[in-house]
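Peer 1: My questions concern the predicted model and sequence given below.
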Amino acid sequence: MSSYGSMRSGSYYRPAFFGGFSMFPPVIKALIISNAVILLLLKYVLAPLTIGGHYVFQDLTNILALHGLGSPSFWPWQFATYMFLHADFLHLLFNMLALWMFGMEMENAWGSKKFLIFYMVCGIGAGVVDFLMAPLIGHMGGTVGASGAVFGVMIAFAMLFPDRPIYVYFLFPVRAKYLVAFWIGAEVLNGVLGTENGVAHFAHLGGAFVGFLYMAVDLGMIPLREWTIGFRGEESLPFSGSGRARKTTGDEVRDAKFYDISTGKPVGPKDKGQVDQEVIDAILDKISTGGYQSLSEEEKRILNEASRRMH
């Protein structure tokens, strides 16, 4: 897994924010719309329809919701489809609001493809945990909702931007790492005590756990790449476990020299547009810690220049 930027055969991965910061990036917009449309169809459009004495929306929900280990209603596709079903409007609203709040900046920084993969991995991972735990806790019905995937997104946000203030009830600022830690603690407590019947606490915890593992590998906390290289007996490449160059502070970005990528030689002010990959990686690392808004005008110009050279 690569992080914000890495050189591969003379090209580099371009995050979505090269073209500007979007309040509704493509994947999050598509997820919100698709979840809303599915709820509308199942709960309102198809609700009065019956076939052979069976309500269509009930049969579809039973087929698409996730059923636990040993259930005769289980089908493999339910690990993915259950994420797009919701019990009611409030269930949908809270999940999509959390997805937008925590996922918007992540998709802008990562790019849509990586964010979608992460979201699906967390959601499917949450489903696997719920599938295994359902018979142990006596849960007989189907599980629906994007909460497991959203908890994975929340964990990732807290790891990327731990000190970012989140305004509870739009009034009280709480650092992301503390707020997410509180939510996870509450889920553990509710799951163990069995409170709030009808809420899939272990699916939430499963999504959070998978999200943490993904981020631990992506950020190099778990050196999976090095372990794989060592197991195969190959020489290590000059990248960290997350596939990017060494971490560089924001101050180093301002003082960085510019080089002609084709020759590797320093260039003067007239050739500032030619920036080497180390400068790009340093700017991307600065976004990781402070967000896109922390960049100077010169750093934003460098990203825009790099984006234009790709087209």
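Peer 2: That came through, no problem. Quick caveat: nothing in here was measured; it's all calculated off a predicted structure.

Peer 1: Under a three-state scheme, what state does the closest residue to residue 177 other than its chain neighbours occupy?
Peer 2: Nearest residue to residue 177 in three dimensions, chain neighbours excluded: residue 162, at 3.9 Å (CB to CB, 6 or more residues apart in numbering). Quick note: C-beta positions are derived from backbone N, CA and C, even for glycine. At residue 162, secondary structure determined by DSSP: H, G, I helix; E, B strand; the rest coil is coil.

Peer 1: Could you check how far residue 162 is from residue 64?
Peer 2: Per CB to CB, to the nearest Å, residue 162 is found 36 Å from residue 64.

Peer 1: Neighbour count: these two, which is higher?
Peer 2: Relative neighbour count places residue 64 above the other of residue 162 and residue 64, with 20 against 14, counting by other CB atoms under 10 Å.

Peer 1: residues touching that one, list them.
Peer 2: Applying CB atoms under 8 Å, 6 or more residues apart in numbering, we find residue 64 in contact with 77-78, 81-82, 84-85.

Peer 1: what's the answer for residue 89, then?
Peer 2: Going by CB under 8 Å, 6+ apart, residue 89 touches residue 39.

Peer 1: State the distance from it to residue 96.
Peer 2: 10 Å.

Peer 1: hang on, the earlier thing: TSV for the contacts of residue 64, including neighbour count and distance to residue 173?
Peer 2: Putting the contacts of residue 64 into TSV (neighbours: other CB atoms under 10 Å; distance: CB to CB, whole Å) gives the following:
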residue	neighbour count	distance to residue 173
77	11	42
78	23	39
81	17	37
82	27	34
84	17	33
85	23	34
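
Peer 1: Among these, pick out the one closest to residue 25, please.
Peer 2: Distance to residue 25 across these (CB to CB) is lowest for residue 84, with 18.5 Å.

Peer 1: That closest one contacts residue 35, doesn't it?
Peer 2: Yes: between residue 84 and residue 35 there is a contact under CB atoms under 8 Å: 5.7 Å.

Peer 1: Name the residues contacting each of those two.
Peer 2: When contacts are counted by CB under 8 Å, 6+ apart, residue 84 and residue 35 have residue 146 as shared neighbours.

Peer 1: Name the spans of the protein whose pLDDT lies under the cut-off.
Peer 2: Counting by pLDDT under 70, the chain shows low-confidence ranges at 1-21, 192-198, 225, 228-276, 288-293, 306-311.
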